[in-house]
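Trainee: Provided below are the primary sequence and the corresponding predicted coordinates.
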Amino acid sequence: MKLLVSALEPSSNLHLKEVLKHTQDIELIGIFDKTIKNSTPLYDISQMAIMGVVDAIKKLRWFYKVADEMVELAKEADKILLMDSSGFNLPLAKKLKTAYPEKEIIYYILPQIWASRPKRAKKLERYCDKLLGVLPFEVEYYQSKAQYIGHPLLDEINITEHTKTDTIAFMPGSRKSEIKRLLPIFKEVRQKLSKKKAILIIPSSFSQEKINSLYGDISMFEISKDTHTSLATAEFAFICSGTATLEAALIGTPFTLSYIAKKIDFFIGTKLLGIKQVGLANIILTNYNNSTLHNEILQEDVTVDNLLKEYEKTNRDIFSKKAEELRAYLAHGSSENVAKILMQP
């Protein structure tokens, strides 16, 4: 089977690799991570990276061109798999369904319509044939076609028993702008906690050249590219928003979310789109039982003193209890279920 894939985010490609472990005789075409074996993408995900509204506007014309190329490529596909990245994939779904009304379009890792623009649910149901949700509550926003198939991180987090050590993990994000804003503050926090062992967790895809150019002097940290093992042994973590916050929650490592966005992006998100929470674990638990897991330190509040207070005052026992509630609510992984859906005739 030939599968057209549109997976622009690093996290989506991790989930895609997990799904492919449960499939046979699938040839990928489209946009995905070039490290996926036996497949050559039309574009590698590194070419698709954007950060914020301004960057997206600058590359808009180019994204239209790429979408048209994907529609042309879809002639060869038996099925279509769209993953996350609704800014690109939702308009692409419309183009693909218009061009090929009989081809099955599957959307895995659904847009966060529960956070903003819920009317997108109608578009997703109009242009897609199957909607695969990874959060139990999100399927309630759809009239039909949506199903909860589990969460991919419950497949990917495979941690044997690890003893918590006197270690603090720092994760300043994966995008240049995130690292630039957070890492200087994290370095100061590390200096204040100099008696502790400190691990700086870096994306596994980063080359040494990229690390040197983005991070500067990081000699005060041990360096790790093994996120799950490092979090499992850490007693606490300081984490930029993103998938890593949910990973830490499911592993059971107490943490504080720290995020500094461009002012215009923060204004759009909070004032125009009405986003009230940044951390995915908090969003999930709020929908489940109206509770939260961790504090969120945002914008000007991201200071050395505030982060040190978080380290000292976070209640580890309450965090552990809430993390177990989160894991129980998500229940099971999704990868095998997605593979079964893809392989259906």
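Mentor: Everything's here; your move.

Trainee: buried residues in the strand or helix carrying Glu69?
Mentor: Per DSSP states H and E: Glu69 is located in helix 60-73. Under the neighbour-count criterion of 16 or more other Cβ atoms under 10 Å, helix 60-73 has Phe63, Val66, Ala67, Met70, Val71 buried. Every residue, glycine included, has its C-beta placed from N, CA and C.

Trainee: where do the strands of this protein begin and end?
Mentor: For the chain, the strands defined by DSSP state E cover 2-7, 27-31, 79-83, 104-108, 130-133, 146-148, 167-171, 197-201, 222-224, 236-240, 255-259, 296-298.

Trainee: so which of the ones you listed gets nearest Ile185?
Mentor: For the strands of the chain, the distance to Ile185 is smallest for strand 255-259, at 7.5 Å, taking Cβ to Cβ.

Trainee: any idea how far His22 is from the closest residue to Lys322 other than its chain neighbours?
Mentor: Leaving aside its sequence neighbours, Lys322 sits nearest to Leu293 (Cβ to Cβ, 6 or more residues apart in numbering; 4.6 Å). Applying Cβ to Cβ, to the nearest Å, the value for Leu293 to His22 is 30 Å.

Trainee: between the two, who's got more neighbours?
Mentor: Neighbour tally, Leu293 and His22, criterion other Cβ atoms under 10 Å: the higher count belongs to Leu293, 26 against 15.

Trainee: for the more buried one, what are its contacts?
Mentor: Ala249, Gly279, Ala281, Asn282, Leu285, Phe319, Lys322, Ala323, Leu326 (Cβ atoms under 8 Å, 6 or more residues apart in numbering).

Trainee: equivalent analysis for Tyr43, please.
Mentor: Counting by Cβ under 8 Å, 6+ apart, Tyr43 touches Ile31, Val66.

Trainee: so what sits opposite it in the bridge?
Mentor: In this entry, Tyr43 is beta-bridged to Ile31, by DSSP bridges.

Trainee: can you list the domains in this protein?
Mentor: For the chain, the structural domains run 2-148, 167-330, going by automatic domain parsing.

Trainee: isn't Leu154 up against Gly333?
Mentor: Yes. Leu154 is within contact range of Gly333, at 4.1 Å (criterion: Cβ atoms under 8 Å).

Trainee: what stretches of this protein score poorly on pLDDT?
Mentor: Within the chain, the set of residues satisfying pLDDT under 70 comprises 50-56, 160-161, 272-274.

Trainee: so which residue is smack in the middle of it?
Mentor: For the chain, the residue nearest the mean C-alpha position is Thr243 (3.9 Å; Cα atoms, centre = their mean).

Trainee: give the closest residue to that residue in space, chain neighbours not counted.
Mentor: Once flanking residues are discounted, Thr243 sits nearest to Ser11: 4.5 Å by Cβ to Cβ, 6+ apart.

Trainee: export the strands of the chain to TSV and tack on mean neighbour count and distance to Glu18?
Mentor: Compiled in TSV, the strands of the chain are given as follows (neighbours: other Cβ atoms under 10 Å; distance: least, Cβ to Cβ, whole Å):
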stretch	mean neighbour count	distance to Glu18
strand 2-7	24	12
strand 27-31	20	14
strand 79-83	25	12
strand 104-108	23	11
strand 130-133	22	13
strand 146-148	18	17
strand 167-171	24	21
strand 197-201	21	20
strand 222-224	15	21
strand 236-240	25	22
strand 255-259	26	23
strand 296-298	18	28
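
Trainee: can you tell me how far the closest residue to Arg120 other than its chain neighbours is from Ala281?
Mentor: Counting by Cβ to Cβ, 6+ apart, Arg120 lies nearest to Ile113, which is 5.0 Å off, once chain neighbours are set aside. Per Cβ to Cβ, Ile113 is found 19 Å from Ala281.

Trainee: out of those two, which sits in the busier spot?
Mentor: Applying other Cβ under 10 Å to Ile113 and Ala281 shows that Ala281 carries more neighbours, namely 22 against 18.

Trainee: in space, what's closest to that one - neighbours in sequence excluded?
Mentor: Excluding its sequence neighbours, the residue lying closest to Ala281 (Cβ to Cβ, 6+ apart) is Ala249, at 4.0 Å.

Trainee: perfect, that will be all.
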